[in-house]
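Novice: Return a 3D structure for these sequence lines:
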Amino acid sequence: MAKKNDNSGMNERLIGAAIPVSALRTEKSIGVGEFSDLVEFGELSLEMGVKLVQILPVNDTGYDSSPYAALTAFGLHPLYLRIGDLDETNNVEAGKYNNEIDALGKKFSDAIRYPYEEILRDKILLLRKIYDDNKKKIIDSPGLKKWIDENPWVKAYAIFRNQKEAHEERSWKEWTSNRDIAASGIDALWVDKDLREKHLFWVWVQQALDLQFSAAVAGLQKMGIILEGDLPILMNEDSCDVWANREIFHLELSAGAPPDMYSYAGQNWGFPIYNWQKQAEDNYSWWKARLKAAEKYYQAYRIDHVLGFFRIWATRREDNSALMGRYIPSAPVTLKDLEKLGFDKGRIRWVSQPHIFTGELWDALKAGWNGSYNEDELKAAADRVFDLALDRIGKEELWLFSKKINGEKDIEALDIHSAAKSFLLKEWGNRIFLEYEKGKFFPLWYHSQSRAYESLSSGEKEEIKELLEKLNLESEKVWEKEGRELLSILTSSSAMLPCAEDLGAVPACVPKVLKELNILGLRVVRWHREWARSGEPYVPFDEYPELSVCTPAVHDSSCLREWWDREANQEVFCDFLGIPSLPKVYNPGTAKIILKRIAASASRFRVFQIQDLLHLSNNWYASDPGSERINVPGTADKFNWTYRLPANISRIKEDGELIRAVKDLC
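Specialist: The predicted structure follows:
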């Protein structure tokens, strides 16, 4: 096993502030936070006694505002470049473009939430103008050539970015040229003289971003502030890494999360899962390169969805929802297992394929017409479904899905009545098992609600339950082995302190392996409860593990203020705190009491969203607490990921009440 990571320099108990780079505001930034703004935020943090700054991922995501939808695991986001700070190091004089820079500043500086796409487009347009005006000097620069040699990933990135632009930003799967590429093809495109200048534009931008981010990091380090980055485990399917290295991914599968109390159908994120066996062949060189790139900037890093290193919920590309997903890896139900239960070929088909009665389809169509139909219309609609989607079993009034139907996407593409389509989508998951490979099955999440399960005898149900419990124990051993091996690669390949996001349905092996490898887990106060106990009590703060990060809110949740005002059982939480009562409407007094208790938890790091810290002062309350959120999961709009500080950092630094209150937490 790999040796434990030596992070002795970060064993101190610290208070941290979490803030997206994009949320920073200074007099120099153009409508959105920029890397250079981190220095000014570091100065504010230092005054408040905050010694750790945690940021969201900062990789280039193109025109998708989600920082978890990166086009690259290595390249930084052009959004965060301060154009006004470009100088001779970048082979330009930004001062010549002060009028354009000032105009952009005036255009965007007053926005409450920043217009992501508009700012990005305008910034790239101005960067192109500057590049075109200084092209020869930039291209001939020895510094640029040296930077390319030190950052070889940039070649595939620059080609990919150029190709995306040529294809109007469409996914590489929709490109009309260079869709399928090999290493030799990338090399050929890189040396193509007709494309050289276009490629080098993206290289120049990345070099400038690296210089500015590195300078900001150096400034934070000089202040003694730790910068914690965020490394999402998964890669966007539409990324240069998947496009150029698809052999290390399983493109036929899509990662996500199983159904839970918040999402009946689970979550299908659309990201491919890793082919770990293929990655092992070159000793995980892609991951090691990724860690090396991150280590240039971060002293600690958050491993997003660390559970995915143990096992990941994966759905076939033929399905849209995550209902038909399974954990990978896991011990399968085999044909031999089912035969041992006494199931012959016909019964195996019964438990593994949905069976539809003729009358059920007719009833669904009648309900879809709300009683207003004639028999001819009904028969025509039903016949169309039978012809396009179903195969009859002999002469019975019983049907199976046609072999042409391979998943939800095929059903949704059918030209049939909407009521029939809804019925078929529901019936697609009406089975106990799905045969994902010949002779290998997995149980569906809601298998116990299926027609086939309900038809079993009590003895057969018990036998299936025992079989699945046995296989789950076998899977736990596989998950532990896989998680230990993969996370050992991470911890032994970098000096950064790993902090795991270990939320969700956590297998028993996860905390064991994290502790063994000296990886900090995450404890979100509102969710850290003894769920199996009566009343689901909160876990006392003094029982939090030292090897953890404690926080009252995360970027995907409401802030503490909104949680208190709209979501929390205030009486239960007050009882947990040992306080008779607190005001029904959140205020700085409430904030001080709650944050003080959280800051006293036994966790090594106590990290607060910047919004939660700002609520210690009356000066920074938005009229609507919901407007202070960073992201609302399950939604896709211009609100998400566009949070900004309510004022420039320089103004916030003048708030003595706030600074004293945050200092009091330390």
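
Novice: list the contacts for residue 550?
Specialist: Going by CB atoms under 8 Å, 6 or more residues apart in numbering, residue 550 touches 523, 525, 541, 544, 598, 601, 603, 605-607. No exception for glycine: its C-beta is placed from N, CA and C like everyone else's.

Novice: Which phi and psi values does the residue nearest the centre of the chain adopt?
Specialist: The chain has residue 68 as the residue nearest its centroid, 4.7 Å off, counting by CA atoms, centre = their mean. Backbone torsions for residue 68, taken as degrees, to the nearest 10, come to phi -100, psi 10.

Novice: count of neighbours near residue 97?
Specialist: 20 (other CB atoms under 10 Å).

Novice: Find the nearest non-adjacent residue to the residue nearest to the centre of the chain, please.
Specialist: residue 232 (5.0 Å; CB to CB, 6 or more residues apart in numbering).

Novice: mind pulling up the phi and psi values for the one you found?
Specialist: phi -60, psi 140.

Novice: May I see the buried residues of the helix or strand harbouring residue 660?
Specialist: Under the criterion of DSSP states H and E, residue 660 resides in helix 656-663. Neighbour counts over helix 656-663 (16 or more other CB atoms under 10 Å) mark 658-659, 661-662 as buried.

Novice: For that helix, name the packing helices and strands.
Specialist: Helix 656-663 sits against helix 37-48, helix 588-599, helix 610-614, with contacts defined as 3 or more CB pairs under 8 Å, 6 or more residues apart in numbering; DSSP states H and E.

Novice: Please identify the most buried of the ones you listed.
Specialist: Most buried of the helices and strands packed on helix 656-663 by mean neighbour count (mean count of other CB atoms under 10 Å) is helix 610-614; its value is a mean of 25.

Novice: Show me what that one is packed up against.
Specialist: Checking 3+ CB pairs under 8 Å, 6+ apart, helix 610-614 ends up next to strand 14-18, helix 560-562, helix 588-599, helix 656-663.

Novice: Doesn't residue 579 lie inside a strand?
Specialist: No. Using DSSP: H, G, I helix; E, B strand; the rest coil, the assignment for residue 579 is coil, not a strand.

Novice: Contact partners for it?
Specialist: Applying CB under 8 Å, 6+ apart, the residues contacting residue 579 are residue 593.

Novice: quick one: pLDDT of it?
Specialist: On pLDDT, residue 579 comes in at 94.

Novice: what about residue 114, how many neighbours?
Specialist: Residue 114: 25 neighbours (other CB under 10 Å).

Novice: ugh, wrong one, residue 385
Specialist: Using other CB under 10 Å, residue 385 has 23 other residues around it.

Novice: excluding its backbone neighbours, what's nearest it?
Specialist: residue 420 (4.8 Å).

Novice: And the contacts of the helix holding residue 660?
Specialist: 15, 47-50, 588, 591-592, 613-614, 616-620, 652-653.

Novice: same thing but 6 Å
Specialist: Helix 656-663 is contacted by residues 47-49, 613, 616-617 when judged by CB atoms under 6 Å, 6 or more residues apart in numbering.

Novice: try stretch 198-208
Specialist: So stretch 198-208 is contacted by 75, 78, 81, 90, 131, 138-139, 147, 154, 158, 161-162 (CB under 6 Å, 6+ apart).

Novice: Likewise for stretch 90-108?
Specialist: For stretch 90-108, using CB under 6 Å, 6+ apart, the contacting residues are 30-31, 83-84, 86, 119, 122, 126, 130, 134, 137-138, 141, 208.

Novice: so which two of those are the farthest from each other?
Specialist: Pairwise distances across the contacts of stretch 90-108 (CB to CB) peak at 29.4 Å, for the pair 31 and 141.

Novice: correct me, but residue 75 touches residue 60?
Specialist: Yes. Checked against CB atoms under 6 Å, the pair residue 75 and residue 60 is within contact range at 4.6 Å.

Novice: the more surrounded of these two?
Specialist: Just comparing residue 75 and residue 60: by other CB under 10 Å the higher neighbour count belongs to residue 75, 29 against 26.

Novice: what residues are up against that one?
Specialist: So residue 75 contacts 60, 157, 206 (CB under 6 Å, 6+ apart).

Novice: does the first one really touch residue 71, like I thought?
Specialist: Yes. Using CB under 6 Å, residue 60 makes contact with residue 71 at a distance of 5.1 Å.

Novice: What ranges does the stretch 151-300 of the chain have for its helices?
Specialist: 153-166, 183-190, 196-223, 240-244, 276-281, 285-295 (DSSP state H, counting those that start in this stretch).

Novice: Quick one: residues in contact with the first one.
Specialist: I take that to be helix 153-166. 72, 74-75, 178, 186, 189-190, 198-199, 202-203, 206, 240, 243-244.

Novice: Skipping adjacent residues, who's closest to residue 453 in space?
Specialist: residue 432 (5.2 Å).

Novice: Next one, pLDDT for the one you found please.
Specialist: For residue 432, pLDDT reads 98.

Novice: Could you pull up the contacting residues of it?
Specialist: 351, 447, 450, 452-453.

Novice: Select from the residues you listed the one having the most neighbours.
Specialist: residue 351 (25 neighbours).

Novice: That one touches residue 452, doesn't it?
Specialist: Yes. Residue 351 lies in contact with residue 452 (CB under 6 Å); the separation is 4.6 Å.

Novice: mind giving me CSV with the helices and strands packed on helix 610-614 and columns for mean pLDDT and distance to residue 552?
Specialist: Output for the helices and strands packed on helix 610-614, formatted as CSV (pLDDT from 0 to 100; distance: least, CB to CB, whole Å):
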stretch, mean pLDDT, distance to residue 552
strand 14-18, 97, 11
helix 560-562, 98, 5
helix 588-599, 98, 5
helix 656-663, 97, 14
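
Novice: Out of those, flag the one nearest residue 223.
Specialist: strand 14-18 (13.2 Å).

Novice: Please list the outside residues in contact with that closest one.
Specialist: 45, 50-54, 605-607, 609-610, 665-666.

Novice: go again using 7 Å as the cut-off
Specialist: 45, 49-54, 599, 605-610, 613, 665-666 (CB atoms under 7 Å, 6 or more residues apart in numbering).

Novice: ok, back up a step: in strands only, show me the contacts of stretch 90-108.
Specialist: Cross-referencing these against strands under DSSP state E gives no overlap.

Novice: Buried among the residues you listed? Need that as a selection in PyMOL.
Specialist: Provided next is the PyMOL selection string for whichever of the contacts of stretch 90-108 are buried by 16+ other CB under 10 Å:
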select buried, resi 30+31+83+84+86+119+122+126+130+134+138+141+208
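
Novice: follow-up on the earlier one: in CSV: the helices and strands packed on helix 610-614, plus distance to residue 639.
Specialist: As requested, the helices and strands packed on helix 610-614 are exported to CSV (distance: least, CB to CB, whole Å):
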stretch, distance to residue 639
strand 14-18, 19
helix 560-562, 14
helix 588-599, 24
helix 656-663, 26
